[in-house]
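Colleague: here is the input, now give the coordinates:
(one chain, ligands or ions: 2)
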Amino acid sequence: MNFKGGSGKTTTSAHLAQYLALHGYRVLAIDLDPQASLSALFGHQPELDVGPNETLYGAIRYDDKRRPIAEVVRATYIPDLHIVPGNLELMEFEHDTPRALLRKAPGDTLFFARVGQAIAQAQNLYDVVVIDCPPQLGYLTLSALTAATSVLVTIHPQMLDVMSMSQFLMMTGDLLDEVAKAGASTTYDFMKYVITRFEPSDGPQNQMVAFLRSIFAEHVLIHPMLKSTAISDAGITNQTLFEVDRHQFTRATYDRALESMNNVNAEIEGFIRKAWGRAE
Ligand SMILES: Nc1ncnc2c1ncn2[C@@H]1O[C@H](COP(=O)(O)OP(=O)(O)OP(=O)(O)O)[C@@H](O)[C@H]1O
Ligand SMILES: [Mg+2]
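Modeller: Ligands and ions are numbered 1, 2, ... in the order given. You can find the predicted model right below:
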């Protein structure tokens with residue numbers, strides 16, 4: 001997550017989910033963004049392939065059309081990687097929640113517990129759930145933050161992005177304090193910053209990364225995600241680096257991107273295993 005648009009949330013989520021599935025984990029990816037770029041990347045076009053009540057909204061809505069999460073889970077091209085697709089319908093949750101808060105029907109699950117409650121129905125089927133959040137700090141994002149056991153914050157190391165990120169962190173902190181007062185769990189196994197679209201030859205970016213490391217220390221992943229045309233070009237045809245034909249690029253371009261991608265994901269996998277008490 002990060003409310004900065006274009007910081008690499010979807011790219012990071014997609015590759016992490018595929019990486020883990022390719023390494024033997026059973027993975028559920030959840031597209032919580034009404035723009036639904038993760039769904040498109042995984043072969044489900046939000047406006048064509050995803051009908052009413054077929055997003056996570058179907059499993060977290062307040063009315064009697066709510067359905068089990070199993071009914072909105074779909075396959076992807078990768079075995080062991082399933083997705084709950086998104087589309088514009090997810091916006092309804094932002095509109096419904098204020099009304100539900102006013103109504104406060106007895107027995108109603110409060111908004112921040114709804115995503116976690118839906119995921120809990122499927123928790124025996126998956127090892128890891130990866131949630132791609134929308135670029136805003138709404139009820140969906142807060143509910144995802146409450147459901148999450150760990151958080152990745154993507155940062156493109158440019159001054160303006162970092163300014164908006166610190167604003168984001170302060171707002172998130174305040175909001176999480178509020179939901180914690182209402183009984184939500186807001187502790188995490190790990191919270192890490194992922195440097196995205198990093199250009200090693202760019203002086204100001206290097207300074208910014210050094211600055212972030214000096215502030216956040218070990219909370220910044222050691223490996224940055226390099227900026228690469230192999231990743232952006234693959235995205236144009238709704239493919240990830242793991243799917244795109246390597247021959248479309250010079251060998252060095254593709255291999256450098258893949259190495260960086262694998263390093264980032266291996267590092268995250270390490271944190272997951274450590275949280276499970278299965279380090280090494
Ligand atoms: N490492 C990278 N190298 C090159 N291009 C990248 C890289 N990571 C992301 N991009 C490109 O940057 C753009 C934004 O990335 P992405 O969609 O992952 O960001 P986002 O944070 O999910 O955006 P939004 O806030 O709109 O959801 C995309 O076109 C993507 O292909
Ligand atoms: Mg996105």
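
Colleague: next, the buried residues of stretch 182-194.
Modeller: Buried residues in stretch 182-194, counted by 16 or more other Cβ atoms under 10 Å: A184, T186, F190, K192, Y193, V194. Bear in mind the C-beta positions are built from the backbone N, C-alpha and C, glycine included.

Colleague: could you see whether ligand 1 lies near it?
Modeller: No. If you take Cβ under 6 Å from any ligand atom as the test, stretch 182-194 misses ligand 1, and the best it gets is 10.3 Å.

Colleague: per-residue pLDDT of V179, please?
Modeller: The model reports V179 with a pLDDT of 89.

Colleague: sorry, back to before: could I get the buried residues of stretch 182-194 in CSV, plus columns for distance to D255 and secondary structure?
Modeller: As requested, the buried residues of stretch 182-194 are arranged in CSV below (distance: Cβ to Cβ, whole Å; DSSP: H, G, I helix; E, B strand; the rest coil):
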residue, distance to D255, secondary structure
A184, 43, coil
T186, 40, coil
F190, 29, strand
K192, 25, strand
Y193, 25, strand
V194, 21, strand
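
Colleague: identify the farthest-apart pair in the residues you listed.
Modeller: Distance extremes for the buried residues of stretch 182-194: the farthest pair is A184 and V194 at 24.2 Å, using Cβ to Cβ.

Colleague: nearest residue to V151 other than its sequence neighbours?
Modeller: Once flanking residues are discounted, V151 sits nearest to M191: 4.5 Å by Cβ to Cβ, 6 or more residues apart in numbering.

Colleague: and the one you found, backbone torsions?
Modeller: phi -130, psi 120 (degrees, to the nearest 10).

Colleague: could you list which residues are in contact with it?
Modeller: S150, V151, L152, V153, H219 (Cβ atoms under 8 Å, 6 or more residues apart in numbering).

Colleague: thinking again about what came up before, ligand 1: which of the buried residues of stretch 182-194 is nearest?
Modeller: The nearest member of the buried residues of stretch 182-194 to ligand 1, counting by Cβ to the nearest ligand atom, is V194 at 10.3 Å.

Colleague: the closest one is in contact with L221, isn't it?
Modeller: Yes. With contact defined as Cβ atoms under 8 Å, V194 and L221 form a contacting pair (5.4 Å).

Colleague: overlap in contacts, the two.
Modeller: Jointly contacting V194 and L221 under the rule Cβ under 8 Å, 6+ apart are V264.

Colleague: now narrow the buried residues of stretch 182-194 to whatever sits close to ligand 2.
Modeller: Intersecting these with the surroundings of ligand 2, defined as Cβ under 5 Å from the ion, gives nothing.

Colleague: pLDDT for the residues you listed - can I get that in TSV?
Modeller: What follows is those, written out as TSV (pLDDT from 0 to 100):
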residue	pLDDT
A184	85
T186	82
F190	97
K192	97
Y193	96
V194	97
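
Colleague: could the residues you listed be laid out in CSV, adding distance to P134?
Modeller: Output for these, formatted as CSV (distance: Cβ to Cβ, whole Å):
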residue, distance to P134
A184, 19
T186, 19
F190, 22
K192, 20
Y193, 19
V194, 17
